[in-house]
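> Fold the following, please.
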Amino acid sequence: MMPDLLKSSLMLPSLLLALLSTAGSIATAGSNPVLTATGAIVARNNMPEYCQREAAREYGVPFKAIKTDGVIASGGGFLVKGSAATVQRTRPFDCLFDSERRFMGVSGE
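I've put the predicted structure just below:
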């Protein structure tokens, strides 16, 4: 007969596999983004801050070096305009969200 600890450790790989197979649809509570296969779904009032974080990562600058404006409804989706203060210059960019508020990416020069 196997000890309980050994049984539990043998079940762990199966549990991890099950969790990974559903990772594309894990939802979190509150105002946190909901993970999907194509991007995070973001509440409209959280879009500027979400955009700021993503742009900071995209341009490799601190969060405080990113400025964003309010949310604009655009072409069936949403747009947040912003600028990144990099070492070379200030770079304008747009963060794009689809009609379901799914983050699509940072678009800039």
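> what's the burial count for the residue nearest to G76 when sequence neighbours are not counted?
Nearest residue to G76, sequence neighbours excluded (Cβ to Cβ, 6 or more residues apart in numbering): S99, at 4.8 Å. Quick note: C-beta positions are derived from backbone N, CA and C, even for glycine. Using other Cβ atoms under 10 Å, S99 has 10 other residues around it.
> Next: C51.
27.
> mind checking how far the closest residue to it other than its chain neighbours is from A65?
Leaving aside its sequence neighbours, C51 sits nearest to C95 (Cβ to Cβ, 6+ apart; 3.5 Å). For C95, the distance to A65 equals 15 Å [Cβ to Cβ, to the nearest Å].
> Out of those two, name the residue with the larger neighbour count.
Each of C95 and A65 has its neighbours counted (other Cβ under 10 Å); C95 has more, 27 against 17.
> can you tell me which residues contact the more buried one?
47, 50-51, 54-55, 68, 79-80, 82, 103, 105-107 (Cβ atoms under 8 Å, 6 or more residues apart in numbering).
> again, 6 Å this time
C51, V80, V106 (Cβ atoms under 6 Å, 6 or more residues apart in numbering).
> about what we covered before: C-terminal to the host helix or strand of the residue nearest to C51, what's the next element?
Under the criterion DSSP states H and E, the helix or strand holding C95 is strand 90-97. Toward the C-terminus, strand 90-97 is succeeded by strand 103-108 as the next helix or strand (DSSP H and E).
> Sounds good, over and out.
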